[in-house]
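**Student:** next one to model:
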Amino acid sequence: MKHKLDKVREQSSEDLIKRVGEIKESLFRLNFRKSLGDTEVVRQIRAERKELARLKTLLRGRALGIEK
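**Tutor:** Down below sits the predicted model:
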């Protein structure tokens with residue numbers, strides 16, 4: 001986990017914003033699949049939501065000047 005977070009911190013804010021958009025689209029598609037009855041995507045939804053939260057936290061920290 002630590003190594004993955006270090007890789008994310010090295011990326012530029014523009015790249016992170018782009019990734020946030022990709023995750024939001026992915027979550028939309030996964031939630032749609034779940035509504036159709038595919039219960040196997042629940043684990044993926046949880047993982048995507050956690051990654052989205054991590055990215056948003058990092059971006060907010062950069063906006064406040066806490067993160068580099």
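**Student:** could I get the full set of helices for this structure?
**Tutor:** Taking DSSP state H, the helices of the chain run over residues 2-10, 13-35, 42-64.
**Student:** relative to residue 21, how far out is the residue nearest in space to the middle of the chain?
**Tutor:** Nearest residue to the geometric centre of the chain (CA atoms, centre = their mean): residue 52, 2.4 Å. Separation of residue 52 from residue 21 (CB to CB, to the nearest Å) stands at 10 Å. C-beta: built from backbone N, CA, C; applies to glycine.
**Student:** in stretch 29-42, which residues are buried?
**Tutor:** Under the neighbour-count criterion of 16 or more other CB atoms under 10 Å, stretch 29-42 has 30, 41 buried.
**Student:** that stretch: end-to-end distance?
**Tutor:** End-to-end distance for stretch 29-42, by CA to CA, to the nearest Å: 12 Å.
**Student:** got the confidence number for the residue nearest to the centre of the chain?
**Tutor:** Looking at residue 52, its pLDDT stands at 97.
**Student:** show me what contacts it?
**Tutor:** Going by CB atoms under 8 Å, 6 or more residues apart in numbering, residue 52 touches 20, 23, 24, 27.
**Student:** of the residues you listed, which is the most crowded?
**Tutor:** Counting neighbours by other CB atoms under 10 Å, residue 23 leads the contacts of residue 52 with 18 neighbours.
**Student:** sorry, back to before: take the contacts of residue 52 and write them to CSV, including pLDDT and distance to residue 60.
**Tutor:** Converted to CSV, the contacts of residue 52 look like this (pLDDT from 0 to 100; distance: CB to CB, whole Å):
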residue, pLDDT, distance to residue 60
20, 97, 11
23, 97, 15
24, 97, 16
27, 97, 19
